[in-house]
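Chemist: build me a model from this:
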Amino acid sequence: MNTGPTETVFPTNRSVGSRIMSIARRLHLPPWLFDHSRTYLMEVPVLPSAVHDYTVRPAALNDLPLLAVCREMEDVDKGVSLFTERINSGASCYLVFDKEENLLGYAWVTETQNLFEDDDRIAVSCSADEAYIFDTFLHPGSRGKGLYRILISHLQHDLAVKNKKRFYVLVDHMNAVSIKAHQKLGATTLELISYTCIAGICHYTMKTPEKRRGYLRRFRSSRPCDSLSLHPQNPRRFELAVTRINAESDWNRVKERLEECEKSDSDTNTPFSGPSVVQVWWESDIKDKEDLFLLEMIDTERSQTAAYGFFRLYEDRNRFAHPKKLSLFDDVYFMHTTMFTRCGNLQSHDVMRFLTSRHCMKVIQKETGADVMVFHRLSPQQLPTLSRGRLTRWDVKFEADYPVLEGSATGTPLQSDIGEHTLRDLKKQAKRLKNRFTTERVTDRFELGLMNEQDRENVLQRFFTIFTSSWQHQWMEESDCVDNELYEKKLREYTRRWAADGSAVIYITSVKEIDMSYLFTLQKGQYCWCLLIGYDPQYKTYSPGKAVLIDMLADTWDNGIREYYLGGNVVGWKNEWFTRCPPLHTMELWLTSDKAFIHRMKLFVRKSH
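Modeler: Predicted coordinates for the structure are as follows:
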């Protein structure tokens, strides 16, 4: 008797809708007049890794023309534009090469929601341990060699570092080749999604073994249907708690409540998110000047905090009607922020759906008096897919470009073109340094959390001595927006908290006991935030900034760091190093009805033009 898993049978016969769709395409009918599709949502099991002669790695921006050529696109520039938009929307692409470094195929993946491109009909929302694979392609000459298994396996094991455990694909029911390929991988069918649009009216039918649902929507509705299997969490599961923080004693209760969340391994639990760090911000910038609020999403099933954020309240007198803004903590040294610090399987779209509920907005407005919630410097991964309707309370604005170095996109950072060029330059500078100082340069690594207080203070003193001589400090002195004394005081306090959680690491490059350059980093898991880098100008010709950066990259790569946030609002020298440069955005949620109406009208006019 066969006790093995039952293989899913896929009907590939052409339905009436499929036949009409073929006629519609020949007649070039617009999709609003007639469109039809039937799609399977499938779960791909985690595949074992195997020894092979191919190279699989994430794509960098300079790889995108290769993708368009591999796909044999007629307009390569148009393809590059599409792929760039995907990366800027938070998606990643994995490439497979042969020994001669010829691109053989690729696979795209997103860790939050599908991007809703032209052929998307339904919203697929992943939880924190899930990922959605789409637009996979192998060059026709490379098929039938097991490359798809190799590509997906490597993608899965790479994302396992981010705690991704389940992977999904959508496959058209007429694509027999793709169906067979996923069957070979052991994929199982979770859901059948049927979509038909006639004269602007769209009918959806979703089927799983346990459920069947049907919906009607207008063409390109601002409220797309959610998959039955992959959908946002029910906002009714959560309750909102608002706490005003007025005194030092309030912080002890706050820290106790958030202790479990701080232990979470979520990507949103960064060195900037903990209450001890926010307390420094409160003491230096907010106390006795503005109100600070803690907003918590309480999981009613587990009776614990599922997500939280610290917000300051202030009146923006530079905007029409002087709205009161509830602004999320953003004193992050030009790094990115997250839409709440989240525990468990919550994603940004879950938080957005919760905050958008009428009850939640009323509670926030009543407890804080705010007109609008503001989230600054959100990366694409933290930016949920918003309603495409014109009459929405949400608004998104571009804030800055954000250079990121994904080390494995070039093998290792030092194997990239700029890495090899920099190593050659430093080899020349090493000879000049030895001629002048009769010794070689040395870069010391100081993990502040492992040092006693006196040694840590000595390192900070060395750091601030070089920092004072750098161009960055000179710019700060000339700026009317920076209080240098307050800046140094806050940085020392932040560093003390970062040292306590083990993330603060400072690199100092010196020659013959003369400090030339510094690099202040925060390191956690596979991530590294490069907060401050600079050098003493009198040693500029010896490339001290390059030296401390190269030595940091070599050290951190050996310690498991794979992603480097170069930060800043100005790309500058980072232009040569980043593998992607996603945009950071400011997102706003208008709470009060009258000012939300004004915002809607402005948004309506903006989109109409």
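
Chemist: give me phi/psi at the closest residue to residue 128 other than its chain neighbours?
Modeler: Leaving aside its chain neighbours, residue 128 sits nearest to residue 345 (4.4 Å; criterion: Cβ to Cβ, 6 or more residues apart in numbering). Glycine gets a C-beta too; all of them are placed from N, C-alpha and C. Here is the backbone geometry of residue 345 (degrees, to the nearest 10): phi -100, psi 10.

Chemist: low-scoring stretches of the stretch 101-250 of the chain, by residue?
Modeler: Applying pLDDT under 70 to the stretch 101-250 of the chain picks out residues 118-119.

Chemist: what about the helices in it?
Modeler: Taking DSSP state H, counting those that start in this stretch, the helices of the stretch 101-250 of the chain run over residues 147-159, 176-184, 248-257.

Chemist: any chance of a markdown table for the ones you listed, columns distance to residue 309 and mean neighbour count?
Modeler: What follows is these, written out as a markdown table (distance: least, Cβ to Cβ, whole Å; neighbours: other Cβ atoms under 10 Å):
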| stretch | distance to residue 309 | mean neighbour count |
| --- | --- | --- |
| helix 147-159 | 26 | 21 |
| helix 176-184 | 39 | 15 |
| helix 248-257 | 12 | 14 |
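
Chemist: near the closest residue to residue 251 other than its chain neighbours, how many other residues are there?
Modeler: Spatial nearest neighbour of residue 251, chain neighbours left out: residue 279 (5.4 Å); criterion: Cβ to Cβ, 6+ apart. Residues near residue 279, counting by other Cβ atoms under 10 Å, number 21.

Chemist: would you agree residue 279 falls within a helix?
Modeler: Yes: the assignment for residue 279 by DSSP: H, G, I helix; E, B strand; the rest coil puts it in a helix.

Chemist: need the helices of the stretch 101-250 of the chain in JSON lines (columns: distance to residue 512).
Modeler: Putting these into JSON lines (distance: least, Cβ to Cβ, whole Å) gives the following:
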{"stretch": "helix 147-159", "distance to residue 512": "43"}
{"stretch": "helix 176-184", "distance to residue 512": "62"}
{"stretch": "helix 248-257", "distance to residue 512": "46"}
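
Chemist: excluding chain neighbours, what is closest to the residue nearest in space to the middle of the chain?
Modeler: The geometric centre of the chain, computed from its C-alpha atoms, lies nearest to residue 381 (Cα atoms, centre = their mean), at 3.0 Å. Sequence neighbours aside, residue 90 is the residue nearest to residue 381 in space, at 4.5 Å (criterion: Cβ to Cβ, 6+ apart).

Chemist: next: residue 284.
Modeler: Using Cβ to Cβ, 6+ apart, the closest residue to residue 284 is residue 490 (5.1 Å).

Chemist: likewise residue 565?
Modeler: Spatially, and ignoring its direct neighbours in sequence, residue 565 is nearest to residue 529 (4.8 Å; Cβ to Cβ, 6+ apart).

Chemist: still on that earlier bit, touching, the residue nearest to residue 381 and residue 583? I think so.
Modeler: No: at 10.4 Å, residue 90 does not count as touching residue 583 under the criterion of Cβ atoms under 8 Å.

Chemist: what do the two both touch?
Modeler: Common contacts of residue 90 and residue 583, defined by Cβ atoms under 8 Å, 6 or more residues apart in numbering, comprise residue 380.

Chemist: more crowded one of those two?
Modeler: For residue 90 versus residue 583, neighbours defined as other Cβ under 10 Å are more numerous around residue 90 (19 against 15).

Chemist: residue contacts, the nearest residue to residue 73 once chain neighbours are set aside?
Modeler: Nearest in space to residue 73, with sequence neighbours left out and distances taken as Cβ to Cβ, 6+ apart, is residue 79 at 4.2 Å. Contacts for residue 79 (Cβ under 8 Å, 6+ apart) come out as 64, 65, 67, 68, 71, 73.

Chemist: need those residues in a markdown table (columns: neighbour count).
Modeler: A markdown table is the format used below for the contacts of residue 79 (neighbours: other Cβ atoms under 10 Å):
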| residue | neighbour count |
| --- | --- |
| 64 | 20 |
| 65 | 15 |
| 67 | 23 |
| 68 | 19 |
| 71 | 16 |
| 73 | 15 |
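
Chemist: narrow those to those in strands?
Modeler: Among those, the subset assigned to strands under DSSP state E is empty.

Chemist: specify which member of the residues you listed is nearest to residue 578.
Modeler: residue 64 (13.8 Å; Cβ to Cβ).

Chemist: for the closest one, give me the pLDDT.
Modeler: On pLDDT, residue 64 comes in at 96.

Chemist: identify the residues contacting it.
Modeler: Residue 64 sits in contact with 79, 80, 83, 84, 87, where contact means Cβ under 8 Å, 6+ apart.

Chemist: the second one against residue 66, yeah?
Modeler: No: here residue 80 lies out of contact with residue 66, judged by Cβ under 8 Å, at a distance of 9.7 Å.

Chemist: which SSE is residue 42 in?
Modeler: strand 34-44 (DSSP states H and E).

Chemist: by contact count, what packs against the next helix or strand after that strand?
Modeler: Sequence-wise, the next helix or strand downstream of strand 34-44 (DSSP H and E) is strand 55-58. The contact analysis (3 or more Cβ pairs under 8 Å, 6 or more residues apart in numbering; DSSP states H and E) places strand 55-58 against strand 92-97, helix 147-159.

Chemist: so for residue 333, which of the ones you listed sits nearest?
Modeler: Of all these, it is strand 92-97 that lies closest to residue 333, at 25.2 Å by Cβ to Cβ.

Chemist: one step back: and the helices and strands packed on strand 55-58: which comes nearest residue 566?
Modeler: Taking these one by one with Cβ to Cβ, strand 92-97 is closest: 17.8 Å.

Chemist: may I have the closest one exported as PDB, CA atoms only?
Modeler: As requested, C-alpha coordinates have been extracted for strand 92-97 and formatted as PDB (Å, rounded to 0.1, in the frame of the first residue of the first chain):
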ATOM      1  CA  SER A  92      15.400  41.100  -3.900                       C
ATOM      2  CA  CYS A  93      16.600  39.100  -6.900                       C
ATOM      3  CA  TYR A  94      18.900  36.000  -6.900                       C
ATOM      4  CA  LEU A  95      21.000  35.200  -9.900                       C
ATOM      5  CA  VAL A  96      22.600  31.900 -11.000                       C
ATOM      6  CA  PHE A  97      25.900  31.900 -13.000                       C
END
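
Chemist: can you list the buried residues in it?
Modeler: 92, 93, 94, 95, 96 (16 or more other Cβ atoms under 10 Å).

Chemist: what's that strand in contact with?
Modeler: If you take Cβ under 8 Å, 6+ apart as the criterion, strand 92-97 is touched by 54-59, 63, 66-67, 83, 86-87, 103-111, 147, 150-151, 154-155, 158.

Chemist: and the residues you listed, which are buried?
Modeler: Among these, those that count as buried by neighbour count (16+ other Cβ under 10 Å) are 54, 56-59, 63, 66-67, 83, 86-87, 103-111, 147, 150-151, 154-155, 158.

Chemist: re earlier: closest to residue 262 out of the buried residues of strand 92-97?
Modeler: residue 92 (27.5 Å).

Chemist: for that closest one, report the pLDDT, please.
Modeler: 95.

Chemist: ditto for residue 569
Modeler: So residue 569 comes in at 71 (pLDDT).

Chemist: ok, and the closest non-adjacent residue to it?
Modeler: Spatially, and ignoring its direct neighbours in sequence, residue 569 is nearest to residue 400 (4.6 Å; Cβ to Cβ, 6+ apart).
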